[in-house]
Each structure stands twice: as structure tokens, then as C-alpha cells.
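>>> Here is the input, now give the coordinates:
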Amino acid sequence: MSKFILFLRHAIALVREDKLFSTIYVAGTAVAIASAMVVAIFVNILLADIPPESNRSRTLYLTSYYRKASMGNGEWLYTQFSTEAIDSCFRRMECVEAVAGFMSYLHYLDYKVSDMDGQHELPVSFTPANTDFFRLYDFTFLSGRPFSEQEFQNGEPVCVITERLAKSLGLGLTPNPSPAGEGQNQQPTPLSHGRGAGGEALLLADKPFRIVGVVKTVSYMLMNAAADVYIPYKVEGIGLHPERQTNIPYSGNLDVHILLRKGFTQQDFMRELEPWRQRYEAVASSQTGEETGWRVWANSHFFRYISFFYSRGQEESTTLKVMNLMPIALLMLLFLLLPAVNLSGLVSNRMEARRAEMGIRKVFGAKRRWLLQEVINENLVLTLLGGAVGWGLSWLFISLMRHTREFQTLFVSEDSKSFELSLDPAMFFTPTLFLIAFLCCAVLNLMAALIPAWRSLRKPIVESLNQKR
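Predicted structure coming up:
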């Protein structure tokens, strides 16, 4: 510990000795780290377990394909899922903890809400879902609870809204007396009647909905869980059609996300699903009198987003297919390499100025590797300072860019009438991001300091001593 304190004091003294060099070095490092961290933070937002999408590492995203022998060209027809597929198949699987069914295609349609007096009319996005949606996504309930299984099955017009919408409608929030988000067993806490609010209800598409819970507003950077209003998809009267009018039993209008039990993998799910799939094909073939096929693809969260990310708009033109793993790594390396070349020149000039000092220390027995390690450590202190500044710059850059249309269209459709691109601290401070930042600093430091320091220390002692003569 004493050696570390001594080294730290020596490094600080060198920083104070040449303030211009230190300032330029820290600034150059900050720009390099900020550029790399912007990419890393963006990938972190897409991939990391961030509340309420806290279960990304255990989530599977299902896609269904159907084919009959009589269909032209033998092509597979893309379909979504029905409630029968959820209840008769997925929920009966041992490896499945929860099956979230919801209707995402309604997300960006032009729906509006208001209080019961018809005032404070606001455009909103809403997600019709089942009760497992609140098991998959870890919402923070500020008041009330999720809608219950009974309310869902009965198609009762109940809803869960976000804090932002509650404040916009003038609703006062009464905090839960116990830890929020504990599921359907939690008793509802009344919502107070704020000025202009029509009580514990709102109008959605001119239909009254009773508010049973208020959740912390979800940033639309977390695309799967974000909405303003969450309602049961079995509610009638506002144009919800979870069941597709076809003769394909498992085909519907529902997206399905699977939460795996701990200890199970995507391969376990596919193996357990295979007998169910074969049984479905056999029954469907006997009922239709022709060969029938059903395929289910399950993507993990990582492989769903690492090869591409997209805007959930209605037109294919909004889809962006960029950034697979290799370009991400090359981009971050480029951001680090170019500044490292410039910083290497600074280190080289400084080493030339310190050659006499290094020569004297060699005369008194200092070994070359000790001096090299010291130079690297000194530059590492500066690099870490620059890394801390760069991390702050990356946060500032994303905070400013999130209000631009170019940034927003990476997460939401340009046609969306209502969205919130707030920044959660978990998007910037995770163990993975800290490790990435530290590795970026270490790589940049080695590239900038190692070569010029090694070349300078290899020169003969006499030449170093005579440098200033």
C-alpha cells in the first residue's frame, strides 16, 4: 500500500510539473474514450439487463411460420400467435416461467386519452397485454398494482398508466405502503382525485378505463416494455383483435416473449417445444386433410439485437440494419487508435525532454524495465483521468443527441405521437461498462506510451546524459 501511495504522489507531482502536457494528454484521452464509450453505452442500452427489462438474459422472442401443401410455391407464411398457442402450448412447458402476449402493432396508431370530463386530451401509445407481461418486465409501481388474471380473463376495462401520463392528466399519486411490483397479490392503493381529473379512470378511444396502477415512466430506449397505457388485450369495444380470423388455430395477432426459468437455455426450450410442434402438425394435418407445417424460431435478446436494431415503425423504410459485432469492435478500435497516434507523439517529445533524468537514474542502478513500468504507470494516471472526463462527455453527448430526430428514429417511429426518451443511470453505470471503459483506457495508454518510452530507454546512458550539453 505504501508503494502505491508513493507512486501516486510521484505521478501527481509529474502532472503538476508539466501542466500543458497533462492538459493536452487528458483532453485527447477524453475525446478518444468518449467516442468509444458512446458506442459502448448505445450497445449497453440495447443488450444489458436494465429495469424494467431486467430479464433480457432469460428472454426469448418467438416468431411463427405456417405452411400447407396447397399454399402456392410451398412458401412459409409468417404469422403471429393466438391465445390458444399461449395457453395450450407455451404455458405448459417446464422450462417456461412466464409467457407475455401483447399486441405491438397498435403501438403507434393514433389513440388519445383524456380524463372523464373529456379534458386534458393527450396522444398516447398503449400496449394491450396479458398478466404475464408484468412478470416478464419488472415495472416499478408507484401506486396500485398490475391488472389481475381475473380482470384480464373477464376483459374488464382496467389499465395501468405511467407516472408521466398520470401527471399530465392531473392525477395525484398515493405511494404504495409496501414494496412495489410484487404482482397480483398486492392490494391496490387508491389514486387521489387531482384537479381536472375524472377520478380513478380515464377515457381511451372514448371508452372509460379504471386505473388500477401507476408505474414509473419507461424510456423508449427500452423498446419492448415502453408505453403510456397498458390494458388487457381481451377488452372489447376499442378494436382489439388478438385472434386472427383464419383456420390456423395457433395463428393470431399476438407477439410472444418467453421468460425462461433460471437454469434453462434457448436450446432447452427448442428441445422441449419439438414434441408439441410435431403434435400440432399431426392434428392440423388430420383436420385439414393435407400436409401442414408449423415452425417456431426463438431468438435470445443478444442475437436479436447484436446483428441489427430497428425502429418499430409501420414501414420497412424505417428499418436500420447496421452494426454487427465486427464493425462495432472495429469502430471502437478506430476511435482509440487515431488519438493514440497523436498522444504517442506527445509522449515521445516528453521522453526526449526526460532523457537526461532517465540516464542519471540508470547510472544509479535503475533497471530499464523499472523505468518503463514507471512511465507507463504515470501515463495510466493521466489516461484514467481522461477516461473519467470522457465518460462524462459521452453521457453529455447522448443526453443532447436524444432530442434529435436521427437519434430517436433508432428507437421509435417518426410517426409516434408520444414517447419519452429519458436516461436511466443503469444505462451508463454497469459493471460491464466500467470494464469496457477501463480496458479502453488501458489499451489507449499502452498504444500511446509503450513504443516511445521503449525507444527512449533503449538509448545508451552516455547519449542520454549528454542530451542537454
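>>> who does the residue lying closest to Gly237 once chain neighbours are set aside bridge with?
Nearest-residue entry for Gly237: Lys207, 5.4 Å, with adjacent residues in sequence omitted and distances by C-beta to C-beta, 6 or more residues apart in numbering. Every C-beta, even on glycine, is put in place using the N, C-alpha and C of the backbone. Counting by DSSP bridges, Lys207 is bridged to Leu204.
>>> Give me the contact list for the helix or strand in which Gln80 is found.
Assessed by DSSP states H and E, Gln80 sits inside strand 77-81. Residues outside strand 77-81 that contact it (C-beta atoms under 8 Å, 6 or more residues apart in numbering) are 62-67, 71, 101, 244, 248, 250-256.
>>> I'd assumed Leu240 was in contact with the residue nearest to Gly237.
No: counting by C-beta atoms under 8 Å, Lys207 does not reach Leu240; the two are 10.8 Å apart.
>>> quick one, phi psi at Glu156?
Main-chain torsions, Glu156, degrees, to the nearest 10: phi -70, psi 140.
>>> all helices for the chain, in order.
Assigned by DSSP state H, the chain shows helices spanning 2-17, 19-47, 83-88, 133-136, 149-153, 163-168, 266-288, 301-305, 325-353, 355-363, 368-401, 405-408, 431-457, 461-465.
>>> Worst mean pLDDT among those?
Ranked by mean pLDDT, the helices of the chain bottom out at helix 461-465, with a mean of 48.
>>> Skipping adjacent residues, who's closest to Ile231 in space?
Cys159 (4.7 Å).
>>> wait, what's in contact with the one you found?
Cys159 is in contact with 126, 147, 202, 204, 209-212, 229-231, counting by C-beta under 8 Å, 6+ apart.
>>> Give me the distance between it and Pro232.
Per C-beta to C-beta, to the nearest Å, Cys159 is found 8 Å from Pro232.
>>> tell me, what's touching the two both at once?
Phe147.
>>> Now which of the contacts of Cys159 would you call buried?
Buried members of those, scored by 16 or more other C-beta atoms under 10 Å, are 126, 147, 202, 204, 209-212, 229-231.
>>> Just give me the closest of the residues you listed to Asp268.
For these, the residue nearest Asp268 by C-beta to C-beta is Tyr230; the value is 29.7 Å.
>>> can you pull the contacts of that closest one?
Tyr230 makes contact with 126-129, 133-134, 147, 159-161, 215 under the criterion C-beta under 8 Å, 6+ apart.
>>> swap the cut-off to 10 Å and go again
102, 126-129, 133-134, 137, 139, 146-147, 158-162, 212-213, 215 (C-beta atoms under 10 Å, 6 or more residues apart in numbering).
>>> Next, check those residues against the strands and list the overlap.
102, 126-129, 158-162, 212-213, 215 (DSSP state E).
>>> Go through the residues you listed and say which is closest to Thr292.
Using C-beta to C-beta, Phe102 comes nearest to Thr292 of the ones in strands among the contacts of Tyr230, at 26.7 Å.
>>> what's the nearest residue to that closest one if we skip its chain neighbours?
Of all residues beyond its chain neighbours, the one nearest Phe102 is Ala129 (3.8 Å), with distances taken as C-beta to C-beta, 6+ apart.
>>> What is the burial count for the one you found?
Other residues within reach of Ala129 by the criterion other C-beta atoms under 10 Å amount to 27.
>>> Quickly list what it is bridged to.
Beta-bridge partners, per DSSP bridges, of Ala129: Phe102, Pro232.
>>> That one against Phe139, yeah?
No: the criterion here is C-beta atoms under 10 Å, and Ala129 misses it with Phe139 at 11.3 Å.
>>> hey, what's in contact with both of these two?
Residues touching both Ala129 and Phe139 (C-beta under 10 Å, 6+ apart): 146, 160, 230.
>>> So which bits of the strand holding Gln80 are buried?
By neighbour count on 16+ other C-beta under 10 Å, the buried set for strand 77-81 is 79-81.
>>> next one: stretch 231-247
Of the residues in stretch 231-247, those buried (16+ other C-beta under 10 Å) are 231-235, 238, 240, 242, 244.
>>> Does Met221 touch Asp424 like I think?
Yes: the pair Met221 / Asp424 is scored as a contact, 8.3 Å apart, by C-beta under 10 Å.
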